[in-house]
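Student: Have a look; sequence and predicted model below, questions after that.
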Amino acid sequence: MRLSHVSHQFDGQLVLNDIELHVSPGECVAIVGPSGSGKSTLLYILGLLRKPDQGAFLMNERDVFELDEEQRRLLRLHEVGFVFQQAHLIPYLTVLEQLELIQEKKKLDAKQLLTDLGLGHRLHHLPATLSGGEKQRVAVARALINSPQLILADEPTASLDYENGRLVMELLAKQAHEEGRRVVVITHDERMLDVCDRVLRVIDGTLTELNKGEGHHN
Ligand SMILES: Nc1ncnc2c1ncn2[C@@H]1O[C@H](COP(=O)(O)OP(=O)(O)OP(=O)(O)O)[C@@H](O)[C@H]1O
Ligand SMILES: [Mg+2]
């Protein structure tokens, strides 16, 4: 999938300026950059949650921004998985129910997926009884339940300690490396960059490829 000549402005300010971004199956891409540089805006465009002022987003040879809203909604449901900084679980549903709520077709077994993510002993627990790391792993499981081809994460480790953050990053990277998905992760934590294949920095509206190891000046 590919963003081509994507530009977007808010209130007359150009946030993204003629962006090109190609993400291949099996690739985990990290996005870094200063606060307010447009990282989340870029991720929302990739997640079909925001239509850019200009440019195309080619997915399976089609420009998804030429589809109607209903087709985009279906694509979002089937092909995109989101993970945010906070897990945003529904407080009165158990771990298993969080997944069953949004499961479209029985492509994956929810219990098996949760077990694979180390949550087999938490299936019938409510969010309030989980640790931060467990909650975030439920959020990852929820992003994966419909087997999307694209996984997007906006600072998924920001509310976690290093060990748990690392676990979540490794789970995301594994989705690319072992399942052939495309993963795009925004992170401020340079210690997490090594699990990704490429690091891109958003600065002054443009994307620059960083050599791994120089990401800490973000
Ligand atoms: N819905 C909106 N309406 C107006 N301006 C917006 C909107 N969303 C974002 N912006 C502005 O666009 C710029 C980029 O915002 P964005 O959230 O993409 O940055 P970011 O790189 O994700 O920052 P952070 O690291 O703080 O999360 C900021 O100046 C922000 O104020
Ligand atoms: Mg952001």
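Tutor: Sure, I can see it. Ligands and ions are numbered 1, 2, ... in the order given.
Student: what secondary structure does Glu163 sit in?
Tutor: helix (DSSP: H, G, I helix; E, B strand; the rest coil).
Student: got the contact list for the closest residue to it other than its chain neighbours?
Tutor: Nearest residue to Glu163, sequence neighbours excluded (Cβ to Cβ, 6 or more residues apart in numbering): Gly133, at 7.7 Å. Bear in mind the C-beta positions are built from the backbone N, C-alpha and C, glycine included. By Cβ atoms under 8 Å, 6 or more residues apart in numbering, the contact set of Gly133 is Leu160, Asp161, Glu163, Asn164, Leu167, Val168.
Student: For the first one, grab phi and psi.
Tutor: The main-chain torsion angles of Leu160 are listed as degrees, to the nearest 10 and equal phi -110, psi 160.
Student: in terms of contact, does it touch Glu134 like I think?
Tutor: No. Counting by Cβ atoms under 8 Å, Leu160 stays clear of Glu134, with 10.3 Å between them.
Student: so where do the helices sit in this structure?
Tutor: 39-46, 69-79, 95-102, 110-116, 132-144, 162-177 (DSSP state H).
Student: Ligand 1 contacts on the chain?
Tutor: Phe10, Asp11, Val15, Gly33, Ser35, Gly36, Ser37, Gly38, Lys39, Ser40, Thr41 (Cβ under 6 Å from any ligand atom).
Student: Now for these: which two are most distant?
Tutor: Spanning the widest gap among these are Asp11 and Gly33, at 19.5 Å by Cβ to Cβ.
Student: Which of the two has more residues huddled nearby?
Tutor: Gly33 (20 against 5; other Cβ atoms under 10 Å).
Student: In contact with the more buried one: list those residues for me.
Tutor: So Gly33 contacts Lys39, Arg201, Val202, Ile203, Asn218 (Cβ under 8 Å, 6+ apart).
Student: just Glu100 next, same as before
Tutor: Counting by Cβ under 8 Å, 6+ apart, Glu100 has contacts Ala110.
Student: What's the per-residue pLDDT of it here?
Tutor: For Glu100, the pLDDT comes out at 94.
Student: again, but for Asn164
Tutor: Per-residue pLDDT puts Asn164 at 88.
Student: which residues does it contact?
Tutor: Residues in contact with Asn164, defined by Cβ under 8 Å, 6+ apart, are Ser131, Gly132, Gly133, Gln136, Thr157.
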